[in-house]
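Visitor: Attaching a predicted model along with its sequence, questions to come.
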Amino acid sequence: MREPAFWWRSPSWMSRLLAPLGSLYGAISGNRMLRKGHRAAVPVICVGNYSLGGAGKTPTVIALIKLLRSAGETPVVLSRGYGGRLAGPVRVDAEAHTAADVGDEPLLLARSAPVIVSRDRVAGAEAAHKAGASIIVMDDGFQNPSLQKDVSLIVIDSHRGVGNGGVFPSGPLRAPLAAQLDRTDVLIVSGDGAAAGKLAEDVEARGGLNLRAHIVPDGDAVASLRGKRMLAFAGIGDPQRFFATLTASGLDVAETRAFDDHHPFTVAEIDRLIEDAHKTSLTLVTTEKDFVRLRGIATDIASVQPFPVTLAFDDEAVLRHFMALRLVKAREQIPR
C-alpha cells in the first residue's frame, strides 16, 4: 500500500471527507483493544507503532533482542509474517524460507534470534515457549488483543509523528490515539525531529517512559559506497527516510525509486533496475528488508548492495533498568 500524501499534512478536504469512516474504524479498533488477551507462559514484550507505515520498528526489535540477550534472557520473536503464505506456527529457517513463505521482516529478524511466524498469536506464543523462549518479543501486534502484553514499546518517527492525527482511512492511525497512549509503556522517538514532542509528554504524564533513539548506518557499508553514485530503491513504509539516511551519510544518491511497503518484486522489475543502474554507471542500493525479498527473484543479486543500519538508544541504561523491573513484575503474575 502506498501511503496517501494527505495523511502527513494538516487536515485536508480529503481527510475530512473520510473522517466518518475513520470514526467507525476507530470505534471498532479501539473497542477491540479493550479485550483481555491470553496470558502466555513467559513475559511478552510488544514492539509496535501507532500508525500504518514505517517508523523503524524492525531495527528496534533487533536492538531490543541484543539488550535482552545481554541481560541473560533468551528472546524468541513472534511475528504474524505479513506478506508470507505460511499461516504457521512455523519456525523461520533463514536458509530455506523465502519472503513469499514467511514475509520479509521475519527473514531479517531470524538473523538475530529464533522467529516464530503465526497468524494465530496464541498458538505462536506456545510455539515460542516450546522453542525455549524466556521472553517473547512480538514484532507488531500492539493493536491486536489476542495476547496479553507485559511491556509495549511504541516506535515513532520524530519527523513524521502521527501525521494529521486521523484514524485510517482519514489518517495513518491504526486506532484512536488516546486508546493507544493508555497502553504505551515506552515511547521510542527515532531521530532528532520535533513532531513527537507532545506525544512524549502525554506518555510520560501517563507514567510511561520516553526515550530517544537514532538510526546508525553500518560503517563498512558507508565506506564501501563512498565516492560512488547510486540508484537507491526501497519498498518500505517510508522510502524517503531510507534515501535521507543515505544522503545524511555523505553518499551520492543520483536516482531513487520508491515502491509500496512490502512490495513483492518481480524478476522483470529487478532486472530493469539492474539494467538502468548499469546504463548510467550507478551502484544499486536497497534496504536489508528489501534485499531479503530478492532471493530467488533477482537473476543477478550480486549487483544489488544492501545497506545495513542499526538502532541505538540514547540512554540504554534507563531502558535496561525499566525492562528489568517490568519483567520481574510480569513473572510474578504468570500462573505456575
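Guide: Great, that's in hand.
Visitor: any idea how far the residue sitting nearest the centre point of the chain is from Ile65?
Guide: The C-alpha lying nearest the average C-alpha coordinate of the chain belongs to Lys57 (CA atoms, centre = their mean; 2.6 Å). Noted for Lys57: a distance of 13 Å to Ile65, by CB to CB, to the nearest Å. Where you see a C-beta, it was placed from the backbone N, CA and C, and this is true even at glycine.
Visitor: returning to what we had before: what's the residue nearest to the centre of the chain in contact with, if anything?
Guide: By CB atoms under 8 Å, 6 or more residues apart in numbering, the contact list for Lys57 reads Val47, Gly48, Asn49, Asp139, Asp140, Val155.
Visitor: at 7 Å instead, please
Guide: Val47, Gly48, Asn49, Asp140, Val155 (CB atoms under 7 Å, 6 or more residues apart in numbering).
Visitor: quick one: the last one is in a strand?
Guide: The reference is to Val155. Yes - assigned with DSSP: H, G, I helix; E, B strand; the rest coil, Val155 falls within a strand.
Visitor: Give me the pLDDT value at it.
Guide: On pLDDT, Val155 comes in at 96.
Visitor: was I right about it contacting Asn49?
Guide: Yes - applying CB atoms under 7 Å, one finds Val155 in contact with Asn49, separated by 5.3 Å.
Visitor: and the gap between the nearest residue in space to Asp192 that is not next to it in sequence and Ser12?
Guide: Closest residue in space to Asp192, ignoring its immediate chain neighbours: Ser158 at 6.2 Å, by CB to CB, 6 or more residues apart in numbering. Separation of Ser158 from Ser12 (CB to CB) stands at 23 Å.
Visitor: So which of these two has more stuff around it?
Guide: Neighbour tally, Ser158 and Ser12, criterion other CB atoms under 10 Å: the higher count belongs to Ser158, 22 against 16.
Visitor: if I look at the more buried one, how far off is Ile188?
Guide: For Ser158, the distance to Ile188 - CB to CB - is 10 Å.
Visitor: follow-up on the earlier one: tell me which of the contacts of Lys57 fall in strands.
Guide: Val47, Gly48, Val155 (DSSP state E).
Visitor: Report the beta-bridge partner residues of the last one.
Guide: To tie it back to what came earlier, the one meant is Val155. Ile188 (DSSP bridges).
Visitor: Sheet partners, orientation included, of the longest strand belonging to the chain?
Guide: Ranked by residue count under DSSP E, the longest strand found in the chain is strand 209-217. Strand pairing for strand 209-217, using DSSP bridges, gives strand 186-190 (parallel), strand 309-313 (antiparallel).
Visitor: The contacts of Lys57: which two are farthest apart?
Guide: Asp140 and Val155 (10.3 Å; CB to CB).
Visitor: out of the ones in strands among the contacts of Lys57, who's nearest Gly26?
Guide: Gly48 (16.6 Å).
Visitor: can you give me the helices for the stretch 151-300 of the chain?
Guide: Secondary structure of the stretch 151-300 of the chain (DSSP state H, counting those that start in this stretch): helices at 177-181, 197-205, 219-225, 239-248, 267-279, 288-292.
Visitor: now stretch 321-331, how far from the chain's geometric center?
Guide: Computed by CA atoms, centre = their mean, to the nearest Å, the chain-centroid distance of stretch 321-331 equals 23 Å.
Visitor: what does that stretch contact?
Guide: Pro43, Ala71, Asp150, Val151, Val186, Leu209.
Visitor: Please parse this structure into its domains.
Guide: Using automatic domain parsing, the domain parsing of the chain gives 5-74+134-215+312-333, 219-307.
Visitor: and of those, who's closest to Gly84?
Guide: Judging the domains of the chain by CB to CB, what sits closest to Gly84 is domain 219-307, at 9.9 Å.
Visitor: on that earlier part again, what sits in contact with each of Val155 and Asn49?
Guide: Common neighbours of Val155 and Asn49 (CB under 7 Å, 6+ apart) are Ala55, Lys57.
Visitor: What's the biggest helix in this structure, counting residues?
Guide: Across the chain, the longest stretch assigned as helix under DSSP state H is helix 13-32.
Visitor: which other residues reach it?
Guide: 6, 143, 145, 164, 166-171, 174-176, 179.
Visitor: go on, stretch 195-211?
Guide: 156, 158-162, 181-182, 184-189, 313-315, 318-319, 322.
Visitor: what's the span of it, first residue to last?
Guide: Stretch 195-211 has an end-to-end distance of 14 Å (CA to CA, to the nearest Å).
Visitor: now stretch 85-95
Guide: Terminal-residue distance, stretch 85-95 (CA to CA): 17 Å.
Visitor: now do stretch 288-302
Guide: Start to finish, the residues bounding stretch 288-302 are 14 Å apart (CA to CA).
Visitor: Can you list the buried residues in it?
Guide: By neighbour count with 16 or more other CB atoms under 10 Å, stretch 288-302 contains the buried residues Glu288, Lys289, Asp290, Phe291, Val292, Arg293, Leu294, Ile297, Ala298.
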